[in-house]
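Visitor: Build me a model:
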Amino acid sequence: MKRIQHFWPLAALFFYILWAFAPVAFLEHPLKFDLITTAYPWRYFIGECLQNFRLPLWNPYQNLGYPIHADPQSGAWHPIAWLIGFFRGYDIYSISWEFLLHLFLAGVGMQMLAKRLQLTKEIGFLASVAYISSGFFVGNAQHLPWIISATWIPFILAMYLDLMEKPGLRVAILLGLFIFLLLSGGYPAFMIVLIYLLLILFCYRFYQLYFSRKEKKKAVQFLRYNLIAVLAAALFSAVVLVSVYEALPFISRGAGVKLLTALIGPFSPQSFLSFVFPYSVVKETAFFKTDLSMSNAYIGIVLLIFLLYVLFKKKPALFNIFLAWGGFCLLAAMGEYLPVRQWLYDYVPLMNLFRMPALFRLFTILGIILTGAYGLQAWLNKEHEREALLRTLLLFFFLIPALIASLFYVSFHTEILRMIRTDLFHETAFTNIYDHLVVQGFMQAGFALLLLLAITVLKKKNQLSLGIGLVLILDMGLSTRLNAPYTLYDESTNSWTLHQIDKGFNQGFPKPMMMAVGFNSDKLSRHHVFYNNVNCFRKQFGWDGYNPFNLQAYDDLVFSHHNLFIKTINNPPIYLSDAISFSESLAVTPPTDTTETRTLYFELSTDIDMLRTQLSTANLKLHPGDTAFFTSFAPDNINIQTHTKESAMLSLLQNHYPGWELSIDGKPENIYTSNLCFMSAYLSPGSHQLEFRYRPWFVIFAGWISLLSIMAAFLYFLTVFIRRPHETRVFQAASRQKL
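Guide: Modelled structure (predicted):
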């Protein structure tokens, strides 16, 4: 019986997900937008690497190659991506399962956080339902790194609250592990914002111990275990941190984004409608003046009412901290509409590195849910005897939505019965924002009326808890089902159809076709669902693709030397060109975009090994019989056979990035940069075997540090787990002897 009481919230959460997210959970429809066109191709590539016993280091199929291990949004080091990728591989089904798994884990994390805040299992379960069906999870479902971040943040906060109360090695290590899980799979901006919240919690607790209570030893102990947690997180995340750090000088965003970019995607003032009418934000996106995914912050009418109920009452300090931080983040989320986000950009470290101010609203949602959950528990426990206030709030949330719905119903003659019969749980172009306001208004009025009825009729605490809980579950579930077709899954196709397409994707790493790379474009290979990054499936060198992680040199070639770029991609993946020697004293001017360039241009010293490459384009062949072809291919290991009658240059249309090595006939040779960013090799006359290897040794070393650290942590927990039953038996025996 005790086990059932312990595990029922998890079982209930599981079944709630099956109902609220049924079209995805039962694989009826696939997920949509960026999750399918960015996250899925990357996961597919990572899975292919792991199943071929290779580290996911270099992706040659987008933007002519980039270090996928250094892209923090790729999930290249995320343990869940590794487990799915290695043991099953990715298809349209497994990417859906990963999304659902993160939903479940997010709910578990919220229950854990609620428990640390002294909320009951029942209240914690309701908080978890509100969290995973909130406007963030439903609105931003397409952004898998955002969902992963939101999954692990409650775990991190729960562990930090543990560290505040009972500092210890176990808690510090667990905190480090959860930070690693966020860093390895999430969007870095959430970690940055979370760091400042953790700093606030640290200062609050340290002040409390050192200055208020004068418990200096405990304060020092608290500080020590904070440092251990930071060290543990750094060791576990070493491979992520080193990969990103090495990439910073070479990527477009390495020095931060421009202010205008940082303000893109706000939670606009119009988006405040979503706190009560989330169904309205999926229509008339021009009215909301932000992206469809950024305009929803719904947390449910139940917790919103109890937030207002307890807002000005005395609360535990931690709830005040979470709520105050949530309020501040709401101001920052508004982006250009308030000066807060610009102030953060200008004066707060790391806040200039990311865009999409609406991401801040996750912390607003956290603060509202936790405080509303506390208000609900306090009212159930009769800690605040003010029934009149609660009834007033319920009447307000009954009358206002009902009046708004009635007004729009009369003014715009909404065919509400037709909507309910045909359009209610489907994406449709035949409804507008007023139709949605009418439907949601009557729904919200109905929920408020049910709550009012529950607190009037039900007298026992367990009955009240059950009645209010059912209203919350119904509210959040219906809200999810209403919005999901617009922001979460794609009704235009079904998962089975896409799975058949999955089966046609190239397996392993075939040799790239020797055709002009310019033909390998998403625009020429797109499907109505798979329309970005399709070369990750086709396994050809692609020159385009959607990815915020861009190498600066490649961007310079594409945008500043576009004519040269076009000439270059008219070549196959590997091609030969003349090597023309110039006197050391001869000044060589790199050709401009308008220059007719048929050969490779160099500035030579007397030592050929000191060759420095200038801008270039190339002929495919020099002389009849000259050849260059792939003998074997893997993303990080490319073997090429060449034969030339005279000295020549071979160019490989992959970005030259630190970590690439070249050997010719088994001997190490220099790699020269051609056309601003690609790799070239000098060939003497005759036949040669070339091997290009991507070996980022610092990253690989950091990977071993991460792996060994995580293994050591698991061994530690295993030892604790084994010793604990023995210590319990010894304690029980000693107790019996005393008796």
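
Visitor: Show me the helices in the stretch 301-450 of the chain, by range?
Guide: 301-310, 317-333, 340-347, 361-380, 387-412, 416-418, 433-457 (DSSP state H, counting those that start in this stretch).

Visitor: Which strands or helices does the last one pack on?
Guide: Helices and strands touching helix 433-457, by 3 or more C-beta pairs under 8 Å, 6 or more residues apart in numbering; DSSP states H and E, are helix 301-310, helix 387-412, helix 416-418, helix 461-487. C-beta: built from backbone N, CA, C; applies to glycine.

Visitor: if we can go back for a sec, name the stretch among the helices of the stretch 301-450 of the chain that sits most buried.
Guide: helix 361-380 (a mean of 25; mean count of other C-beta atoms under 10 Å).

Visitor: Tell me how far that one lies from the chain's centre.
Guide: 24 Å (C-alpha atoms, centre = their mean, to the nearest Å).

Visitor: now swap in stretch 259-278 and tell me
Guide: Worked out by C-alpha atoms, centre = their mean, stretch 259-278 lies 19 Å from the chain centre.

Visitor: Could you list the domains of this structure?
Guide: Domain assignment of the chain by automatic domain parsing yields the ranges 143-247+698-739, 559-695.

Visitor: OK, contacts around Thr568?
Guide: 557, 617, 653, 675, 678 (C-beta atoms under 8 Å, 6 or more residues apart in numbering).

Visitor: In a markdown table: those residues, plus neighbour count, distance to Phe530 and pLDDT.
Guide: Shown next, in a markdown table, are the contacts of Thr568 (neighbours: other C-beta atoms under 10 Å; distance: C-beta to C-beta, whole Å; pLDDT from 0 to 100):
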| residue | neighbour count | distance to Phe530 | pLDDT |
| --- | --- | --- | --- |
| Leu557 | 22 | 27 | 93 |
| Thr617 | 25 | 32 | 40 |
| Leu653 | 23 | 23 | 96 |
| Asn675 | 28 | 29 | 88 |
| Phe678 | 24 | 27 | 95 |
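
Visitor: Now go through those residues and say which are in strands.
Guide: Judged by DSSP state E, strands contain the following of the contacts of Thr568: 653, 678.

Visitor: Adding distance to Asn296, write the contacts of Thr568 out as a markdown table.
Guide: Output for these, formatted as a markdown table (distance: C-beta to C-beta, whole Å):
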| residue | distance to Asn296 |
| --- | --- |
| Leu557 | 39 |
| Thr617 | 49 |
| Leu653 | 42 |
| Asn675 | 45 |
| Phe678 | 43 |
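
Visitor: still on that earlier bit, could you point out which of the domains of the chain sits nearest Thr422?
Guide: The closest of the domains of the chain to Thr422 is domain 143-247+698-739. By C-beta to C-beta, the value is 30.1 Å.

Visitor: centre of the chain versus that closest one, how much separation?
Guide: Using C-alpha atoms, centre = their mean, the offset of domain 143-247+698-739 from its chain centre is 21 Å.

Visitor: Next: stretch 416-433.
Guide: That offset, for stretch 416-433, works out to 31 Å (C-alpha atoms, centre = their mean).

Visitor: List the contacts of that stretch.
Guide: 280, 283-284, 287, 409, 412, 435, 438-439, 442, 481-482, 485-486, 491.

Visitor: and if we set it to 7 Å?
Guide: 280, 283-284, 287, 409, 435, 438-439, 481-482, 485-486, 491 (C-beta atoms under 7 Å, 6 or more residues apart in numbering).

Visitor: who touches the most centrally placed residue in the chain in this structure?
Guide: For the chain, Pro145 is the residue whose C-alpha lies nearest the centre (C-alpha atoms, centre = their mean; 0.7 Å). Contacts for Pro145 (C-beta under 7 Å, 6+ apart) come out as 73, 185-187.

Visitor: Pick the one among those closest to Ser663.
Guide: Using C-beta to C-beta, the contacts of Pro145 come closest to Ser663 at Gln73, 32.9 Å.

Visitor: Pull up the gap between the residue nearest to that closest one when sequence neighbours are not counted and Phe721, please.
Guide: Distances taken as C-beta to C-beta, 6 or more residues apart in numbering place Pro145 nearest to Gln73, at 4.5 Å, with adjacent residues excluded. Using C-beta to C-beta, to the nearest Å, Pro145 is found at 32 Å from Phe721.

Visitor: try Val529
Guide: For Val529 relative to Phe721 (C-beta to C-beta), the value is 45 Å.

Visitor: Can you get me the start-to-end distance on stretch 157-171?
Guide: 12 Å (C-alpha to C-alpha, to the nearest Å).

Visitor: tell me which residues of that stretch are tucked away?
Guide: Neighbour-count burial for stretch 157-171, counted by 16 or more other C-beta atoms under 10 Å, picks out 157-164, 167, 171.

Visitor: for stretch 713-724, what is the average pLDDT?
Guide: Computed over stretch 713-724, the mean pLDDT rounds to 89.

Visitor: hmm, who's touching that stretch?
Guide: 170, 173, 177.

Visitor: Turn the contacts of Pro145 into TSV, columns for neighbour count, distance to Arg205 and pLDDT.
Guide: As requested, those are arranged in TSV below (neighbours: other C-beta under 10 Å; distance: C-beta to C-beta, whole Å; pLDDT from 0 to 100):
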residue	neighbour count	distance to Arg205	pLDDT
Gln73	22	32	94
Gly185	27	28	96
Gly186	25	25	97
Tyr187	23	27	97
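
Visitor: from the residues you listed, which is closest to Met711?
Guide: For the contacts of Pro145, the residue nearest Met711 by C-beta to C-beta is Gly185; the value is 19.5 Å.
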